[in-house]
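Trainee: sharing a model that was predicted from the sequence below.
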Amino acid sequence: MTYEYDATQDKCPVPLVNLRLILRKLTPTDSCLIRICDNGSKKDIPKLLLKQGFYFEERIIDQHIIELMIRMEK
């Protein structure tokens, strides 16, 4: 299953809190696609993912929005 969360209208810490809830649901075959635009989220979310051992790919959508594809495994 792929979870999608468009957090471009949310400001930190809301995207971080909501992402933590999604990450708890992930199974090894699931993925999560999140779009973020505020600077706090751009800094804190990748840091959280690395700390918790998640694999993610970052893609720049435009000058404000980045998209992260998150998985438990590569």
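Mentor: Okay, I see it.

Trainee: from Ile60, how far off is the residue nearest to the spatial centre of the chain?
Mentor: For the chain, Ile34 is the residue whose C-alpha lies nearest the centre (CA atoms, centre = their mean; 4.5 Å). Look at Ile34 and Ile60: by CB to CB, to the nearest Å, they are 14 Å apart. C-beta here means a position set from N, CA and C on the backbone, and glycine is covered the same way.

Trainee: and for these two, which residues touch both?
Mentor: Residues touching both Ile34 and Ile60 (CB atoms under 8 Å, 6 or more residues apart in numbering): Glu67.

Trainee: please verify my assumption that Asp30 contacts Met72.
Mentor: Yes: the criterion here is CB atoms under 8 Å, and Asp30 meets it with Met72 at 7.3 Å.

Trainee: residues contacting the longest helix seen in the chain, please?
Mentor: Longest helix of the chain, by residue count under DSSP state H: helix 39-52. Helix 39-52 is contacted by residues 7, 10-13, 15-16, 19-20, 23, 34, 36, 56, 58, 66, 68, 70 when judged by CB under 8 Å, 6+ apart.

Trainee: try 6 Å this time
Mentor: 12, 15-16, 36, 56 (CB atoms under 6 Å, 6 or more residues apart in numbering).

Trainee: flag every buried residue along stretch 62-69.
Mentor: Of all the residues in stretch 62-69, those buried under the rule 16 or more other CB atoms under 10 Å are 66, 68.

Trainee: which residues does Pro28 contact?
Mentor: Counting by CB under 6 Å, 6+ apart, Pro28 touches 72-73.

Trainee: secondary structure element for it?
Mentor: If you go by DSSP states H and E, Pro28 is not part of any helix or strand.

Trainee: give me phi/psi at it?
Mentor: phi -60, psi -20 (degrees, to the nearest 10).

Trainee: could I get the contacting residues of Arg59?
Mentor: Shown in contact with Arg59 (CB under 6 Å, 6+ apart): Glu67.
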